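Chemist: need a structure here:
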Amino acid sequence: MLRSGKFAMTKKYEELIAELKEIVKKIEDDSTSLDEMITLYEQGIIIIRQCEERLSEAEIKITELGRET
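Modeler: I've put the predicted structure just below:
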């Protein structure tokens, strides 16, 4: 499990996606410096990994629920 001080693992998937969209907007903004873009990109990677983890957990839960029926 990936944990980072800036990105709490308690955030909902939808909140993470919203953050990711904001990062993309900032990266696409012509006024964002290269250094800031790199930092934003790194943050985006962390968020993407957290989203993948959430989706994996949801898939496991759905599979388990399907087996119970």
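
Chemist: going forward, measure contacts between C-alpha atoms and count neighbours the same way
Modeler: OK.

Chemist: ok, how many other residues are close to residue 47?
Modeler: 22 (other Cα atoms under 10 Å).

Chemist: gap between stretch 47-59 and the chain center?
Modeler: 8 Å (Cα atoms, centre = their mean, to the nearest Å).

Chemist: quick thing: my sequence starts at 50, can you match it?
Modeler: Happy to do that; since the first residue is 50 now, the last one works out to stretch 96-108.

Chemist: check which residues of that stretch are buried.
Modeler: Within stretch 96-108, the residues that count as buried by 16 or more other Cα atoms under 10 Å are 96, 99-100, 103.

Chemist: filter those residues down to just the ones in helices.
Modeler: Among the buried residues of stretch 96-108, DSSP state H puts 96, 99-100, 103 in helices.

Chemist: next, format those as TSV and append pLDDT.
Modeler: Shown next, in TSV, are these (pLDDT from 0 to 100):
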residue	pLDDT
96	97
99	95
100	96
103	94
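
Chemist: OK, contacts around residue 100?
Modeler: 62, 65-66 (Cα atoms under 8 Å, 6 or more residues apart in numbering).

Chemist: what about 7 Å?
Modeler: 62, 65 (Cα atoms under 7 Å, 6 or more residues apart in numbering).
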